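K.L.:
next one to model:
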Amino acid sequence: MNKKHPHLKNSIFDFILIAFSILILFFIEYSLQLIGFGESYSLDKIIEKNDIKYYSINENFPKKFFSSNIQNYSKFRKSFFKVKKDSNTFRVFVVGGNMANGVPYDESINFSSIFRYFLNDSNREIDWEIIDLSINSINSYGVNDIIKHLPKYQPDLVILNTGYNEFFGTPNFSKNKNYQLEYFYTKSFIFFRKFRIYQLTEKIVNFFQEQSVNKIKYLSADFENDRVDFKSSEYYNKRKNFLRNLYKIENITDRYHIPVIISNLSANILSIPPFHSKFNDEELTDIKLYQDFSNYLNQDDKTRVKDWLQDLKSWEPQSAIYYFCQAKLDEKNNNYDLSLKNYSKAVQLDQFHFRPLKDWNFAIKNFANEKEWMFANIDSVYNDLTSNRIKSENIFIDHIHPNIKGYWLFVKEHFNVMRKNDLLNFKKNNKLNFNRFAKEYPLTNFSKYNQSIYSEKIRKFIYGDNIYKDQDLTQVSIVKKFASQNINNEISWLKANEELLNYYYQKGDYQEASQYFKNIQTTYPYNQEAQLKYVSILFKDSYWQKIIEFNEEFLGTFEHAKLSYYCGVAYYKIGNFKKSLKCFENTKKLLETNFYQLSDFEKTKLYKYYEKSLKKIGEDG
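P.N.:
Here you go, the predicted structure:
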């Protein structure tokens, strides 16, 4: 029989060999998971608090988009929300890159926090849930992968801002000339990255090589070999794959009937010279040429400026820096239409496409119209608020990241789009007012200083220098120290504010400490350590009513004996003895498992207050 069917025997053997190989891979994968190797790239985990189940977002999920040899990858902000959505809840997911994330302000100023502030102000009867899934440096591949997970969370709206990081964001296989191969490789990387076997292989390769075998780039990578010419095949490939990802996203949102607001892109085209012109003479640099031109322009030597520009045009007729300098001269001569045209041309010819071009905005708007997505025209809003339609530092802090007013306008436009499409149920005709926002929104010296440090970082980056050196940090203020550490990714924004809160608390400067608590509270309302210090400050200053208001706002989150004790004393001091007794009973219960959360002196006071509360209740009948 074997002689008659040799091929059958070989086929059975091949099948067994393949099946056995797959079983081995499954065994290795399971074993790696069992010993805790690598990362789990589940977007959420379910936690239970006060008998209610919540989704808790996995902060480390974005790591799947970054090469394993990158340590300072972006993380999601902490957030959790109910598994069973309440009837009065409106759940919004914000997905995108740097602008959606709030760079450079990080936690203190970002789209989600400001948006939540205005939505709450518009209608307090609705429980507005804003879940921030934005990541610095991410491109549309990562955005597409995130949105695949959203339908199970029952979103009422998805806000999408993507397109800035298509050339140098992550993940990125920028060397592939074929857009289909680039798409396939990038999607394959995202898919396989969740497997521990792949993560192990990547670690082994990175151990023997300086760079990842996958050439996945982070935004701070060396761009020297990744220049892209305007209208080149690489340029069009990026745009094709960007739109391809938008179509994939639309397939998901259409299938599950999820409303989407997508915004277009905008940039500072006036204040920052081109990052890299295409020079015939490789010795030339944009920065050096612009410095020479600025010197002549400032001297108001019109003949010298004209001759210099003519020489540059004859040497480098297609250099971005030529058009940028010509635009500066046009602007000085009040020829704003021509100036705008030349600034735009400079952005087109810049080989580092950090700043978006008009054809991308045209593609985004057309896509939104075709798929009936809501459209936030951010670029038009910025144009209207900019002198002569030339966007600069009055809106932006660097090349693409808005300043505080720019973020406020970014939020305002989305707010108006929601109102226009009847997604807001107003109890009052609420007009957004920047002056009131600037006065009431919880900003701190840290967040303002964060802005100035980031501006300096951008300037230094353009000139190729490093930002602060270690020895400089000992000579600067404590705020500057933690702000610069945050900017350099040495500590998180939350950690920086916690350190500053602790510093001023220990110093006894409670007013300053309170400012940093409020900054933390904006984004991390359940940070118990910060809550404890803040309530301690209120307790020391005998602000009993504020302690009670704080307790009522965060009812159910007081799981620390000291917080419960402070609350009991506050109720006792204002004469509400029943509530004070309830707090003291809760404190005693918490002390059974957390005995050291109160000092001996506080424990003595606790029992005295407890007895007094019982006596007062008895006297009142």
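
K.L.:
only C-alpha atoms for contact and neighbour calcs from this point on.
P.N.:
Fine.

K.L.:
show me the residue sitting in the middle of this structure in space.
P.N.:
Central residue of the chain (C-alpha atoms, centre = their mean): N101, 2.4 Å from the mean position.

K.L.:
hmm, N136 and that residue touching each other?
P.N.:
Yes: here N101 reaches N136: they are 6.4 Å apart, a contact under C-alpha atoms under 8 Å.

K.L.:
returning to what we had before: let me see the contact set for the spatially closest residue to the residue nearest to the centre of the chain that is not a sequence neighbour.
P.N.:
Excluding the flanking residues, the one nearest N101 by C-alpha to C-alpha, 6 or more residues apart in numbering is S134, at 5.1 Å. Shown in contact with S134 (C-alpha atoms under 8 Å, 6 or more residues apart in numbering): 76, 94-98, 100-101.

K.L.:
quick one: pLDDT of S580?
P.N.:
Predicted confidence (pLDDT) for S580: 90.

K.L.:
for L338, grab phi and psi.
P.N.:
phi -70, psi -40 (degrees, to the nearest 10).

K.L.:
how many other residues sit next to it?
P.N.:
15 (other C-alpha atoms under 10 Å).

K.L.:
quick one, grab the pLDDT at it.
P.N.:
For L338, pLDDT reads 91.

K.L.:
got it, and P171?
P.N.:
Per the predicted model, pLDDT is 80 at P171.

K.L.:
again with S392
P.N.:
Reported pLDDT at S392 in the predicted model: 69.

K.L.:
kindly report the same for K507.
P.N.:
With respect to pLDDT, K507 has a value of 76.

K.L.:
ok, now E592?
P.N.:
Looking at E592, its pLDDT stands at 82.

K.L.:
likewise the one 10 residues further on?
P.N.:
According to the predicted model, the pLDDT of E602 comes to 87.

K.L.:
any idea how far apart the tips of stretch 593-600 sit?
P.N.:
By C-alpha to C-alpha, to the nearest Å, the extent of stretch 593-600 from end to end equals 16 Å.

K.L.:
so what does whichever strand or helix holds V94 touch, helix or strand wise?
P.N.:
Assigned by DSSP states H and E, V94 falls within strand 89-96. Contacting strand 89-96 under the criterion 3 or more C-alpha pairs under 8 Å, 6 or more residues apart in numbering; DSSP states H and E are the following elements: strand 127-134, helix 140-147, strand 157-161.

K.L.:
again, 10 Å this time
P.N.:
The helices and strands touching strand 89-96, judged by 3 or more C-alpha pairs under 10 Å, 6 or more residues apart in numbering; DSSP states H and E, are helix 98-101, helix 111-122, strand 127-134, helix 140-147, strand 157-161, strand 260-263.

K.L.:
check the offset of the fourth one from the chain's centre.
P.N.:
Right, helix 140-147. Distance, stretch centre to chain centre, for helix 140-147: 14 Å (C-alpha atoms, centre = their mean, to the nearest Å).

K.L.:
and that helix, what does it pack against?
P.N.:
Using 3+ C-alpha pairs under 10 Å, 6+ apart, helix 140-147 is in contact with strand 89-96, strand 127-134, strand 157-161, helix 179-192, helix 233-255.

K.L.:
swap in the second one?
P.N.:
Of the remaining helices and strands, those touching helix 111-122 by 3+ C-alpha pairs under 10 Å, 6+ apart are strand 89-96, helix 98-101, strand 127-134, helix 404-420, helix 434-440, helix 510-523.

K.L.:
for the helices and strands packed on helix 140-147, give me CSV that also has distance to K45 and mean pLDDT.
P.N.:
Below are the helices and strands packed on helix 140-147 laid out as CSV (distance: least, C-alpha to C-alpha, whole Å; pLDDT from 0 to 100):
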stretch, distance to K45, mean pLDDT
strand 89-96, 17, 94
strand 127-134, 15, 91
strand 157-161, 21, 96
helix 179-192, 20, 83
helix 233-255, 22, 92
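
K.L.:
max-length helix in this protein?
P.N.:
For the chain, the helix with the greatest residue count under DSSP state H is helix 6-34.

K.L.:
could the helices and strands packed on helix 111-122 be laid out in CSV, adding distance to H257?
P.N.:
Compiled in CSV, the helices and strands packed on helix 111-122 are given as follows (distance: least, C-alpha to C-alpha, whole Å):
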stretch, distance to H257
strand 89-96, 14
helix 98-101, 23
strand 127-134, 19
helix 404-420, 16
helix 434-440, 34
helix 510-523, 29
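
K.L.:
and among the ones you listed, the most buried is which?
P.N.:
Comparing these by mean neighbour count (mean count of other C-alpha atoms under 10 Å), helix 98-101 comes out on top with a mean of 24.

K.L.:
who wins for proximity to F15 among the helices and strands packed on strand 89-96?
P.N.:
Closest of these to F15 is helix 140-147, at 33.7 Å (criterion: C-alpha to C-alpha).

K.L.:
is it true that P356 touches V347?
P.N.:
Yes: here P356 reaches V347: they are 8.1 Å apart, a contact under C-alpha atoms under 10 Å.

K.L.:
quickly list what's touching both of the two.
P.N.:
Residues touching both P356 and V347 (C-alpha atoms under 10 Å, 6 or more residues apart in numbering): 267-269.

K.L.:
ranges for the helices of the stretch 351-500 of the chain?
P.N.:
358-371, 378-384, 404-420, 434-440, 445-463, 478-487, 493-507 (DSSP state H, counting those that start in this stretch).

K.L.:
comparing those, which gets the lowest mean pLDDT score?
P.N.:
Of all the helices of the stretch 351-500 of the chain, helix 445-463 carries the lowest average pLDDT, namely a mean of 43.

K.L.:
pick the most buried one from the helices and strands packed on strand 89-96.
P.N.:
Of these, helix 98-101 is the most buried (mean count of other C-alpha under 10 Å), at a mean of 24.

K.L.:
leaving out chain neighbours, which residue sits closest to S514?
P.N.:
S514's closest residue in space is Y534 (C-alpha to C-alpha, 6+ apart), at 6.3 Å.

K.L.:
ok, F517 to A530 distance?
P.N.:
To A530, F517 is 6 Å away according to C-alpha to C-alpha.
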